[in-house]
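Student: structure here, sequence nowhere to be found:
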């Protein structure tokens, strides 16, 4: 079939782990919009979900840090973090090794990717799945873009990776959904944790929703670090989705800075044409 759904959302651990400490009205609105995204995802009737995330040294470290890695297993487990801390029970998440292999093979025609037959999911994947696939019954293909350990993949390359991923999806008979997860602005595990640059976030989202490639790839890592923190490097997951939906625009379902969640919280979908 082809790509049938695309969207992005935030994945910070505080979204679930510190839920009780958030302002109830904004938290509940955020959760409701994640629920709306779940409904739209389910309405697309995908056979599998490709989730593009930024892995947080749970599986890959500086001794072996692929720029891009795709999971190729029949099942995964997560969260790797403490269940009580994250407020998400550990689950066995179904995969689809056969579909993964075909997607990887198609990607290799355009871009070099690593693959992993073993992968423990951290909050970067498990927080979105908690809201978007709460029954854990939709096969998942995890994709990691290195957003943690420099040298980082250039932003134009992340966009091109999205374009290649779209071609790989469109070559498959299955109906495939795509979700990118990440920041936007945040300073995790630093004294500035909880700081959010709302103006920067909204300017970035305007570029993302317009799918303005030139504007999206114009950020330098130095500017992003200064204005959006080291967590802002995760815009690469958004650029991947933008590349996969090149020529289409998006709809913002929710954005608000939620300091106790330590991130500008986002829910958006992109039109799939």
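Tutor: Cool, got the structure. Remember, it's a predicted structure, so these values are computed and weren't measured experimentally.
Student: just give me the neighbour total for the nearest residue in space to residue 114 that is not next to it in sequence.
Tutor: Here the nearest residue to residue 114 in space, its sequence neighbours aside, is residue 66; by C-beta to C-beta, 6 or more residues apart in numbering that works out to 3.7 Å. (Each C-beta comes from the backbone N, C-alpha and C, glycine too.) If you count neighbours by other C-beta atoms under 10 Å, residue 66 ends up with 17.
Student: checking residue 66 next. Helix, strand or coil?
Tutor: Following DSSP: H, G, I helix; E, B strand; the rest coil, the label given to residue 66 is coil.
Student: how many neighbours does residue 118 have?
Tutor: 10.
Student: right, and it touches residue 73 too?
Tutor: Yes: under the criterion of C-beta atoms under 8 Å, residue 118 is in contact with residue 73, at a separation of 6.7 Å.
Student: where do the helices sit along the stretch 1-150 of the chain?
Tutor: Assignment of helices within the stretch 1-150 of the chain using DSSP state H, counting those that start in this stretch yields the ranges 14-17, 24-43, 83-86, 97-107, 123-132.
Student: just for this structure, where's the confidence low?
Tutor: Across the chain, residues meeting the criterion (pLDDT under 70) sit at 1.
Student: quick check: beta-bridge partners of the residue nearest in space to the middle of it?
Tutor: Residue closest to the average C-alpha location in the chain (C-alpha atoms, centre = their mean): residue 181, at 1.9 Å. Taking DSSP bridges, one finds residue 9 as the beta-bridge partners of residue 181.
Student: contacting residues around it?
Tutor: For residue 181, the contacting residues are 8-11, 51-54, 124-125, 127-128, 237, taking C-beta atoms under 8 Å, 6 or more residues apart in numbering as the criterion.
Student: how far does stretch 79-98 sit from the chain's center?
Tutor: With C-alpha atoms, centre = their mean, to the nearest Å as the basis, stretch 79-98 stands 16 Å off its chain's centre.
Student: next, the buried residues of that stretch.
Tutor: 79-81, 86-88, 91, 93-96 (16 or more other C-beta atoms under 10 Å).
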